[in-house]
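Participant: Have a look; sequence and predicted model below, questions after that.
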Amino acid sequence: MAKGGTSNAAHMRSKKANNFWGTVFRLVRYMSTRFWALLATLGLAIAATIMSAQAPHILGRATTEIYRGLQEGKALQDAGETIERFPIDFGVIQNIVITVAVVYITQAIFQFFQQFITARIAQKTVYDMRKELKEKMSKLPIKYYDTHSTGDILSRAVNDMDQIANTLQQSLTQFIISVVQFVTVFIVMTLIDIRLTLVTIVTVPISLLLIAFVAPKSQKQFANQQRELGNVNDHVEETFSGHTVVKTYNREEDEIEKFDARSSRLNDASRKAQFLSGIMMPLVSFSRDLGYFGVAIVGGMGVANGTMSLGNVQAFIQYVNQFSQPVRQIANLANTIQVTIAACERVFEVLDEEEMHEEASGFEPKPHSPFKVEFEHVQFGYNDEPEAPLLMNDFNLTVEPGDMVAVVGPTGAGKSTLINLLERFYDVKGGSIRFEGTDTRDIDQSELRKKFSMVLQDTWSFNGTIWDNIAYGSEEYGKDRDRILAAAKAAHVDDFVKRLPEGYNTILNEEGTNISQGQRQLITIARAFLADPEVLILDEATSSVDTRTEILIQKAMSNLLENRTSFVVAHRLSTIRDADKIIVMNQGDVIETGNHDELMEQDGFYADLYNSQFSSYEENTAYA
C-alpha cells in the first residue's frame with residue numbers, strides 16, 4: 001500500500017489543472033444546488049469575521065480610556081494636587097470587557113455553524129459526485145475498461161474523489177474565512193485610520209513576493225521527496241516479497257547497497273524540502289514584523305503629536321496579524337487548490353465519456369425463430385476508425401435451444417470477441433445478433449444479461465462469506481436459502497465447505513487466497529447455478545488445478561450444462577468431444593463447423609489442432 005500511496009501522492013502534487021477556471025465553475029455548479037446553504041455560510045463567515053475585526057477596536061477603547069485617565073491624573077499631580085487614585089472610569093472598562101466577551105462568544109457561535117454548514121455542503125456535494133461517477137461507470141462500455149488500466153480507474157474513483165472531499169471539507173472553510181477576513185479587516189482598518197492602513201498594506205506585497213519565490217522551490221523539493229520515498233518503498237516491497245529469490249542467489253549485499261543509495265537520495269531530498277519549508281514561515285513572519293514596526297513608528301509619532309489615539313495604534317498592531325494571516329493561508333492553499341482542480345478534471349473526464357448507445361437495430365424480429373442465438377453476417381472491429389480492419393467480416397452462426405457450442409481456435413482468433421458480442425459488451429458494426437429472434441440491441445441490456453451467466457477462467461470473489469459470494473449470482477434468489485444451498489450442492493461446494501471451521505460463514509479475502517483455486521472455481525459455478533440462466537458461457541478453468549479437483553469441476557460443469565444452451569471456450573480440445581457443434585475460428589471468422597467426428601474426418605484446421613495437443617499430451621505422459 002505504501003508504494004501506491006506515495007507514488008500517487010507524488011503524481012498528484014506535480015499535476016496541474018489544464019482548464020482551471022472552467023473546472024472551478026463546473027465544481028461550483030455542483031455546489032450551487034445548495035445555494036441558500038452557501039449564502040448562509042457566507043453570511044455567517046462575514047458576521048464572524050466582523051466580530052473578530054471589531055474586538056481589537058473595542059479593546060483599543062479600553063486602552064484609550066486607561067491612557068486618558070493616566071494623563072489626567074498625571075496632569076493633576078503636575079498641578080500640585082494630591083489624588084488617591086487616577087481618574088479612570090472602571091465602569092466603562094467593565095462594559096468594554098463584557099462587550100468583548102459577548103463579541104468573542106458570538107463569533108465562536110457563528111464560526112461553529114459556518115463550519116458545520118460548510119462541511120455538510122462539502123459532504124453532500126462529494127456524495128452527489130460519487131453517486132454520479134458510480135452511475136456513469138456502470139453505463140460505460142467495456143471498451144473504456146479495456147483501454148484504461150485498473151489502477152487509473154481506481155485512482156479516479158478513490159484517490160481523486162478523496163482529494164476533492166478533503167479539500168471541500170477542510171480547505172473550503174479556510175478559504176472562505178481567509179477571503180472574508182482579508183476584505184473585512186481591510187474595510188475596518190480603513191474606517192479607523194487610513195494612514196495606519198496604508199502602512200499595513202505595504203507589507204502584503206513583501207509577504208507575497210517572499211512566498212512566490214520560496215513556495216515553488218519548496219513544492220518542487222517536496223514532490224522530489226515523495227518520489228524518492230516511493231522509490232524506497234518500491235524497493236522494500238520488492239525485496240521483501242521476493243526475499244526467497246534474493247537469498248537463493250546471495251544478492252543480500254547488492255540489495256542493501258541499492259537500498260542505501262535510494263535512502264541517501266531520499267535523505268537529500270527531505271533535507272532540501274524541510275530547509276525551504278522551514279525558512280518560508282520565518283520570512284513571512286519577518287514581513288509581518290515589518291508591519292508591526294511600521295505601525296509602531298507611525299502610530300507612536302501620531303500619539304505623540306496628538307493626531308492618533310493610543311487605542312487605535314494598539315488595535316492596529318492586532319490588525320497587522322489579522323490582515324497578513326489570510327494572505328499566508330491563501331498562499332498555502334494555492335497548491336492544494338491546484339491539485340484538487342486537477343483531481344476534478346480527472347473525475348469530469350470520466351463523467352464526460354461517451355456511454356454505450358441504446359439505439360434500435362432496425363432489424364425486424366422473427367417471432368417464431370427456431371434458434372436460441374443467431375449471428376447473421378456480423379461485422380465487428382475494436383477500432384472505431386472508419387478505415388480500420390475488421391476482426392469479423394461476415395460471421396454467421398445458428399444455435400438451437402439446448403445446444404452445446406464449443407468455440408476453439410488459436411490465440412487472437414476471436415473467441416473472447418464472440419463472448420463480448422453475446423452479452424453486448426460491444427455492439428456489432430454490421431449485421432445482427434439475435435436472441436430468440438430479436439436483435440440484442442432491441443433488448444434492454446440488463447434484461448439481456450439476466451439470460452446469460454458466465455463461468456470464466458479468472459475467478460472473482462469479493463470480501464465476504466462463501467454464502468454471500470454464492471448469493472451474488474442472483475438478485476431474485478439471493479435470499480432464498482434453499483436455492484443457495486441447492487446450488488452449492490450441485491456445484492460440489494457443499495462437500496468442502498462442511499470441512500471448514502466456519503462453514504458457509506468463512507470469510508473470503510478479496511483475492512480468495514484463503515481457499516484453493518479449484519474451490520474458488522466451484523463457488524463461481526455455484527453462483528451460476530443460482531442465477532439459473534438460459535444461456536451459459538464457460539471458459540475452461542481446469543488447467544491449473546489438481547486432478548481430483550478437475551474431476552469435481554468437470555462434474556459441476558456437466559450438471560450446470562444440462563438442458564441449457566451453452567457456449568464453451570475450449571483450450572483443451574479433449575474436453576469438448578461431446579459438443580453438439582464445434583466452431584473453429586481463425587482471424588475472426590468461422591473456418592470450420594461440425595461435431596468432433598465430422599471435423600476429424602475433414603482433416604483440416606481442427607484436426608491439426610487436436611492431433612498436436614494429443615501428441616503433446618502423449619509425449620508429456622511418456623516423459624513423466
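Facilitator: Sure, I can see it. Being a predicted model, the structure only gives us computed values, none of them experimental.
Participant: Need the residue closest to the centroid of the chain.
Facilitator: Closest to where the C-alpha atoms of the chain average out (C-alpha atoms, centre = their mean) is Val158, at 1.8 Å.
Participant: mind listing what that one touches?
Facilitator: Val158 makes contact with no residue, according to C-beta atoms under 8 Å, 6 or more residues apart in numbering. Just so you know, the C-beta spots here come from the backbone N, C-alpha and C atoms, and that holds for glycine as well.
Participant: Show me where the stretch 301-450 of the chain has its helices.
Facilitator: 310-351, 415-422, 445-450 (DSSP state H, counting those that start in this stretch).
Participant: In TSV, list those along with mean neighbour count and distance to Asn463.
Facilitator: TSV is the format used below for the helices of the stretch 301-450 of the chain (neighbours: other C-beta atoms under 10 Å; distance: least, C-beta to C-beta, whole Å):
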stretch	mean neighbour count	distance to Asn463
helix 310-351	20	24
helix 415-422	20	27
helix 445-450	13	24
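Participant: Which of the ones you listed has the lowest mean pLDDT?
Facilitator: With a mean of 76, helix 310-351 has the lowest mean pLDDT of these.
Participant: just wondering, since we're on the residue nearest to the centre of the chain, how far is it from His57?
Facilitator: As defined by C-beta to C-beta, to the nearest Å, Val158 lies at a distance of 48 Å from His57.
Participant: State the number of residues packed around Met356.
Facilitator: Met356 is flanked by 16 other residues according to other C-beta atoms under 10 Å.
Participant: Next up, phi/psi of it, please.
Facilitator: phi -70, psi 130 (degrees, to the nearest 10).
Participant: swap in the one 4 residues further on?
Facilitator: The phi and psi values for Ala360, taken as degrees, to the nearest 10, are phi -60, psi 150.
Participant: picking that back up, of the helices of the stretch 301-450 of the chain, which is nearest Ala53?
Facilitator: Nearest to Ala53, of all the helices of the stretch 301-450 of the chain, is helix 310-351, at 6.8 Å by C-beta to C-beta.
Participant: From the contact counts, what lies against the closest one?
Facilitator: helix 2-14, helix 20-31, helix 35-78, helix 90-139, helix 161-166, helix 172-192, helix 194-241, helix 252-305 (3 or more C-beta pairs under 8 Å, 6 or more residues apart in numbering; DSSP states H and E).
Participant: Next, format those as TSV and append distance to Gly409 and mean pLDDT.
Facilitator: Formatted as TSV, those follow (distance: least, C-beta to C-beta, whole Å; pLDDT from 0 to 100):
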stretch	distance to Gly409	mean pLDDT
helix 2-14	37	40
helix 20-31	47	81
helix 35-78	60	78
helix 90-139	32	86
helix 161-166	42	84
helix 172-192	57	79
helix 194-241	37	72
helix 252-305	45	79
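Participant: what would these look like in TSV with distance to Phe425 and mean neighbour count?
Facilitator: Listed next are the helices and strands packed on helix 310-351 as TSV, based on distance: least, C-beta to C-beta, whole Å; neighbours: other C-beta atoms under 10 Å:
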stretch	distance to Phe425	mean neighbour count
helix 2-14	28	18
helix 20-31	30	14
helix 35-78	41	17
helix 90-139	13	15
helix 161-166	26	19
helix 172-192	40	19
helix 194-241	34	18
helix 252-305	43	15
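Participant: Now tabulate the ones you listed in CSV and tack on distance to Asn383.
Facilitator: Below are the helices and strands packed on helix 310-351 laid out as CSV (distance: least, C-beta to C-beta, whole Å):
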stretch, distance to Asn383
helix 2-14, 29
helix 20-31, 31
helix 35-78, 46
helix 90-139, 22
helix 161-166, 31
helix 172-192, 43
helix 194-241, 35
helix 252-305, 42
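Participant: Can you check which of those helices gets nearest to Glu400?
Facilitator: helix 90-139 (33.2 Å).
Participant: For the residue nearest to the centre of the chain, give its distance to Val185.
Facilitator: Note on Val158: its distance to Val185, by C-beta to C-beta, is 40 Å.
Participant: again, but for Gln602
Facilitator: 90 Å.
Participant: Also Ile98?
Facilitator: According to C-beta to C-beta, Ile98 stands 24 Å off from Val185.
Participant: Stretch 569-582 - what's its average pLDDT?
Facilitator: Average pLDDT, stretch 569-582: 79.
Participant: My guess is Pro115 contacts Gln170. True?
Facilitator: Small correction: residue 115 is Gln, not Pro. No: Gln115 lies out of contact with Gln170 (C-beta atoms under 8 Å); the separation is 9.9 Å.
Participant: Using the record's assignment, carve the protein into domains.
Facilitator: Domain assignment for the chain, taken from automatic domain parsing, gives 2-351, 365-451+534-624, 459-532.
Participant: With respect to His357, which of those domains lies nearest?
Facilitator: Closest approach to His357 among these (C-beta to C-beta): domain 365-451+534-624, 7.5 Å.
Participant: Asn321: what's it in contact with?
Facilitator: Neighbouring residues of Asn321 by C-beta under 8 Å, 6+ apart: Arg288.
Participant: can you tell me how far it sits from Tyr292?
Facilitator: 8 Å.
Participant: what's the answer for Thr147, then?
Facilitator: Taken as C-beta to C-beta, the span from Thr147 to Tyr292 is 59 Å.
Participant: now swap in Gly43 and tell me
Facilitator: Distance of Gly43 to Tyr292, given as C-beta to C-beta: 32 Å.
Participant: residue at max distance from the center of this protein?
Facilitator: What lies farthest from the middle of the chain is Gly80; by C-alpha atoms, centre = their mean that is 80.4 Å.
Participant: so what's Asn620 scoring on pLDDT?
Facilitator: You'll see Asn620 listed with a pLDDT of 44.
Participant: Nearest residue to Leu42 in space, ignoring adjacent ones along the chain?
Facilitator: Excluding the flanking residues, the one nearest Leu42 by C-beta to C-beta, 6 or more residues apart in numbering is Ile176, at 6.8 Å.
Participant: you'd agree the one you found is up against Ala45?
Facilitator: Yes: with contacts counted by C-beta under 8 Å, Ile176 reaches Ala45, the gap being 5.1 Å.
Participant: what residues do these two have in common as contacts?
Facilitator: Residues touching both Ile176 and Ala45 by C-beta under 8 Å, 6+ apart: Gln114.
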